[in-house]
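K.L.:
sharing a model prediction with you, sequence too.
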Amino acid sequence: MTVYVKLFAVLRQQYPHLGIGEKMAVELSDGATAGRLLELLNLPSHLVKVVFVNGIIRDRDYVLQDGDEVGIFPPVGGG
């Protein structure tokens, strides 16, 4: 199956070829979870705070479906 991933803020630095807001197609086996996706992307775990699937916050055990759009965000600070 194919999911489409958008990385935000400092996470985009892990894939410098991606433009701002650009989606990356990732091939996964059927039944793959959001956590498995994070492992395959080799993102530093301390930099991953929130995973959205089709606009809804999901945990790492969430089973992805073909065509899902996944947004991955780092911790965000501000004041």
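P.N.:
Received the coordinates, thanks.
K.L.:
doesn't Met1 make contact with Gln65?
P.N.:
Yes. Shown here, Gln65 and Met1 form a contact pair, counting by Cβ atoms under 8 Å, at 7.1 Å. (Each C-beta comes from the backbone N, C-alpha and C, glycine too.)
K.L.:
so which residues of this structure form helices?
P.N.:
34-41 (DSSP state H).
K.L.:
do you know how far the residue nearest the centre of the chain is from Asp59?
P.N.:
For the chain, Ile72 is the residue whose C-alpha lies nearest the centre (Cα atoms, centre = their mean; 3.9 Å). Going from Ile72 to Asp59 by Cβ to Cβ, to the nearest Å gives 13 Å.
K.L.:
common neighbours of the two, please.
P.N.:
Counting by Cβ atoms under 8 Å, 6 or more residues apart in numbering, the contacts common to Ile72 and Asp59 are Val51.
K.L.:
low-confidence ranges in the protein?
P.N.:
Within the chain, the ranges that satisfy pLDDT under 70 run 77-79.
K.L.:
so where do the strands sit in it?
P.N.:
For the chain, the strands defined by DSSP state E cover 2-7, 24-27, 50-53, 56-58, 69-73.
K.L.:
the ones you listed: which one's closest to Thr33?
P.N.:
strand 56-58 (9.2 Å; Cβ to Cβ).
K.L.:
check which residues of that closest one are buried.
P.N.:
Of all the residues in strand 56-58, those buried under the rule 16 or more other Cβ atoms under 10 Å are Arg58.
K.L.:
by contact count, what packs against that strand?
P.N.:
If contacts are counted by 3 or more Cβ pairs under 8 Å, 6 or more residues apart in numbering; DSSP states H and E, strand 56-58 sits against strand 50-53.
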